[in-house]
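Undergrad: turn this into a structure:
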Amino acid sequence: MGHTSVARATLVLLLLVSLACSSPVAGKVRRSIRDPGQYNAALPEAVWKKYGCARRKLPYLRIESFELSPERVKPGEEFNHRWVYSLCPVTPTSIVSGKLDTRIFFKGQPIVADTNEGFELKPGRWVIDTFVEVPPQAEPGVYSIEIRFFSPEGTKFAQRRTFGVK
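TA: Below you'll find the model as predicted:
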C-alpha cells in the first residue's frame, strides 16, 4: 500500500470515528469498551501538584467528572455510570471512609436505592465504572441517578445526572 493509500485510509477512519463520536452510537461504543470496577488514573503526587494541595485544607476532594453513557436507553438496555474523583489526603496513603448512597429517581420519587456503608475514597485520581440495567418494564421518561457521600470527618459530595428511557 502506498503513502497516498495509507493517508486516505487514515482519513476515512478518522471521519468514521468523528461521526461515531457525534452520534448516539458513541455512547454504546464507550459503554462497550469499559469494564465495571475502579482503577487508579493518577498517583497522589500528580494530583497534589495539579490541585495545589499544599495550600488547601486536607483532605481535599474534587469530583472531576460524572457521566452516563449513553444518555438515552431503551427498556432492557444498560448504561454506563462513570465518575472520576481526585483526593489529596492528610498523609500520602490515607483514605477517607464513609457512606455512599446511590439512588435512581423517576417522577421525583426514588425507585432504586443502594447504600455502601464502608466506601473508601483513595488517594490520587480514581475512575469508577458501574453498569445499570434498565428493567424491561421501565416506563418511558426522564430519570436521574444521584450519588451522595458522607464521611464522619465531614468530607461530602453529591452529584446528579438525568437520562432518558425511550
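Undergrad: use CA for all of it now, contacts and neighbours both
TA: Will do.
Undergrad: tell me where the longest strand sits in the chain.
TA: Counting by DSSP state E, the longest strand found in the chain is strand 109-121.
Undergrad: by contact count, what packs against that one?
TA: strand 96-106 (3 or more CA pairs under 8 Å, 6 or more residues apart in numbering; DSSP states H and E).
Undergrad: which residues of the chain score low on pLDDT?
TA: Across the chain, the ranges flagged by pLDDT under 70 are 1-33.
Undergrad: what are the buried residues along the longest strand of the chain?
TA: Phe119, Glu120, Leu121 (16 or more other CA atoms under 10 Å).
Undergrad: tell me which of those residues is nearest to Ala54?
TA: Leu121 (19.0 Å; CA to CA).
Undergrad: in contact with the spatially closest residue to that closest one that is not a sequence neighbour, which residues are there?
TA: Distances taken as CA to CA, 6 or more residues apart in numbering place Val96 nearest to Leu121, at 5.1 Å, with adjacent residues excluded. By CA atoms under 8 Å, 6 or more residues apart in numbering, Val96 lies in contact with Pro89, Glu120, Leu121, Lys122, Ser151, Thr155.
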